[in-house]
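Trainee: Got a predicted structure plus its sequence, pasted below:
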Amino acid sequence: MLSWVVSKLFIMEDEDFGDGDFRDEEDSGAGQVGGPGMEGGAEGGEESVGEAAVKEAMTDRRAKVEEVFRRVKTEFEEEEYVTKVVLLGTGTPVPDPRRMGPCTAVTVGRKSYIVDVGPGCVRRAEEAYYMGCQALDAKRLDRLFITHLHSDHTTGLPDIIFTPWVVGRRTKLEVYGPKGTSHLVNKIVEAYQFDIDHRTCGLEQLHPGGGGAVPHEIETGTIYEDEHVKVDAIPVNHGDGWETFSYKFTSPTRTVVVSGDTGVNAPEVYEQWKGCDVLVHEVYCDTMFKRRPPHWQTYHKNMHTSGRELGKIAKEIQCKTLVLTHLLFFGGTPEQIVAEIREEFDGEVICGKDLGVY
């Protein structure tokens with residue numbers, strides 16, 4: 001951005017001081033006090049022709065400079081609040097080398113907000129950074145929102161607490177999640193205390209402020225807000241015994257909802273999701289689900305959302321873009337799931353892949 005401003009000012013320099021402008025007059029002596037353009041200069045406080053030309057040119061130049069900086073400020077503010085969804089992990093508890101554990105990043109400018117942290121997600125974030133996403137530089141990962149405490153959504157916690165610190169993060173990770181989050185986070189930090197002590201007091205001498213995490217156990221409503229985004233926690237149904245939240249991110253440019261793991265919900269949940277720009281939602285293949293053993297059908301029916309159910313949900317809330325994640329294919333294909341959704345929803349549907357940007 002700075003180099004763009006400098007280049008614009010050099011262009012203005014060339015435009016403002018071309019052939020025949022007041023600098024040529026000045027060099028030739030015309031219009032100078034006592035010069036050829038004026039015998040003895042201005043008398044009685046009168047302004048010379050040369051001085052008037054200088055003032056007019058400088059006023060015009062100042063106006064052009066102000067316009068450049070106004071445009072820079074506008075473009076910078078637009079860039080600062082550009083909101084994207086980056087899928088860092090679209091997998092499930094089943095180990096699939098093509099899909100890391102559940103993890104979605106919402107980025108606003110150079111700020112990142114991570115939802116869930118399945119295995120492999122810090123490496124995926126760094127991969128996204130190498131691809132040009134500045135917000136996902138590992139040392140920028142400092143805010144995490146956990147939807148629920150299933151292991152596939154949380155086994156990356158030690159990684160996101162400590163790896164960004166090792167590569168330069170100087171503040172502790174802020175972790176927001178349901179009841180039980182504090183116990184989980186504090187026990188992980190306690191387990192790694194030997195590592196923390198030796199990295200801070202040994203030869204590495206890492207910054208002591210970065211090696212740890214601060215847990216926040218949340219309730220329904222607005223749970224986080226800064227100059228870039230407001231985050232609302234909305235409870236969803238993920239079977240008995242699991243306190244689970246979806247998260248709604250509202251920035252100046254976009255609204256993103258991340259469902260978390262969930263079955264079908266009450267209407268009041270969808271009312272809060274209504275009209276979002278992007279809905280990132282889990283899904284399973286309804287066609288192949290019917291071939292599953294009965295006890296697994298009972299489990300998935302209560303805990304997750306089928307393609308056909310999701311089509312109805314997307315139609316109801318009228319999201320602009322539906323992005324699929326936590327994909328339970330059961331031997332089916334992405335095309336099958338999308339076809340199920342399209343029976344009800346005619347908007348944009350994207351079958352998510354790791355490192356997809358939307």
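Mentor: Good, I have the coordinates.
Trainee: Residue 161 contacts residue 210, correct?
Mentor: No: applying CB atoms under 8 Å, one finds residue 161 not in contact with residue 210, separated by 9.4 Å. Where you see a C-beta, it was placed from the backbone N, CA and C, and this is true even at glycine.
Trainee: And those two? Which one has more around it.
Mentor: Neighbour count, other CB atoms under 10 Å: between residue 161 and residue 210, residue 161 has more, with 26 against 23.
Trainee: Now for that one: which residues touch it?
Mentor: Shown in contact with residue 161 (CB atoms under 8 Å, 6 or more residues apart in numbering): 173, 185, 188, 189, 192, 212, 213.
Trainee: can you tell me the average pLDDT over whichever strand or helix holds it?
Mentor: Using DSSP states H and E, residue 161 falls within helix 157-166. Taken as a whole, helix 157-166 has an average pLDDT of 98.
Trainee: what's the following helix or strand after it?
Mentor: The helix or strand immediately downstream of helix 157-166 is strand 173-177, counting by DSSP H and E.
Trainee: which residue ranges form the strands in this structure?
Mentor: Assigned by DSSP state E, the strands in the chain fall at 83-89, 103-108, 111-115, 143-145, 173-177, 213-217, 221-225, 230-236, 244-250, 255-258, 278-284, 321-328, 348-351.
Trainee: Just tell me which of those ends up closest to residue 340.
Mentor: Closest approach to residue 340 among the strands of the chain (CB to CB): strand 278-284, 8.5 Å.
Trainee: so where's the stretch 51-200 of the chain shaky on pLDDT?
Mentor: For the stretch 51-200 of the chain, the stretches with pLDDT under 70 are 54, 57, 64-78.
Trainee: Where do the helices of it begin and end?
Mentor: Secondary structure of the stretch 51-200 of the chain (DSSP state H, counting those that start in this stretch): helices at 121-130, 157-166, 181-191, 193-201.
Trainee: angle of the shortest one against helix 181-191?
Mentor: For helix 193-201 against helix 181-191, the angle by axes from the mean of the first three to the mean of the last three CA atoms, to 10 degrees is 70 degrees.
Trainee: Please name every helix or strand in contact with helix 193-201.
Mentor: Where contact means 3 or more CB pairs under 8 Å, 6 or more residues apart in numbering; DSSP states H and E, helix 193-201 is not packed against any helix or strand.
Trainee: mind listing what's buried in stretch 197-208?
Mentor: 199, 200, 206 (16 or more other CB atoms under 10 Å).
Trainee: likewise stretch 290-302?
Mentor: Those buried within stretch 290-302 under the rule 16+ other CB under 10 Å are 292, 300, 301.
Trainee: Residue 332 is in contact with the first one, correct?
Mentor: No: under the contact definition of CB under 8 Å, residue 292 does not touch residue 332, with a separation of 11.2 Å.
Trainee: quick revisit: need the strands of the chain in TSV (columns: mean neighbour count and distance to residue 271).
Mentor: Shown next, in TSV, are the strands of the chain (neighbours: other CB atoms under 10 Å; distance: least, CB to CB, whole Å):
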stretch	mean neighbour count	distance to residue 271
strand 83-89	25	22
strand 103-108	26	21
strand 111-115	25	21
strand 143-145	24	21
strand 173-177	22	23
strand 213-217	18	25
strand 221-225	13	15
strand 230-236	20	10
strand 244-250	24	12
strand 255-258	25	12
strand 278-284	26	14
strand 321-328	24	17
strand 348-351	18	22
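Trainee: Mind putting those into JSON lines with distance to residue 310?
Mentor: Below are the strands of the chain laid out as JSON lines (distance: least, CB to CB, whole Å):
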{"stretch": "strand 83-89", "distance to residue 310": "16"}
{"stretch": "strand 103-108", "distance to residue 310": "16"}
{"stretch": "strand 111-115", "distance to residue 310": "18"}
{"stretch": "strand 143-145", "distance to residue 310": "22"}
{"stretch": "strand 173-177", "distance to residue 310": "24"}
{"stretch": "strand 213-217", "distance to residue 310": "29"}
{"stretch": "strand 221-225", "distance to residue 310": "25"}
{"stretch": "strand 230-236", "distance to residue 310": "13"}
{"stretch": "strand 244-250", "distance to residue 310": "13"}
{"stretch": "strand 255-258", "distance to residue 310": "13"}
{"stretch": "strand 278-284", "distance to residue 310": "5"}
{"stretch": "strand 321-328", "distance to residue 310": "7"}
{"stretch": "strand 348-351", "distance to residue 310": "9"}
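Trainee: ok so, going back, and of the helices of the stretch 51-200 of the chain, who's closest to residue 217?
Mentor: Across the helices of the stretch 51-200 of the chain, closest to residue 217 is helix 181-191 (CB to CB), at 5.3 Å.
Trainee: from the middle of its chain, how far away would that closest one be?
Mentor: Mean-position distance between helix 181-191 and its chain equals 26 Å (CA atoms, centre = their mean, to the nearest Å).
Trainee: Remind me what that helix packs against, helices and strands.
Mentor: Looks like helix 181-191 contacts helix 157-166, strand 213-217 (3+ CB pairs under 8 Å, 6+ apart).
Trainee: Please repeat the previous calculation with a cut-off of 6 Å.
Mentor: Here helix 181-191 touches strand 213-217, going by 3 or more CB pairs under 6 Å, 6 or more residues apart in numbering; DSSP states H and E.
Trainee: and the strand it packs on, what does it pack onto?
Mentor: Here strand 213-217 touches strand 173-177, helix 181-191, going by 3+ CB pairs under 6 Å, 6+ apart.
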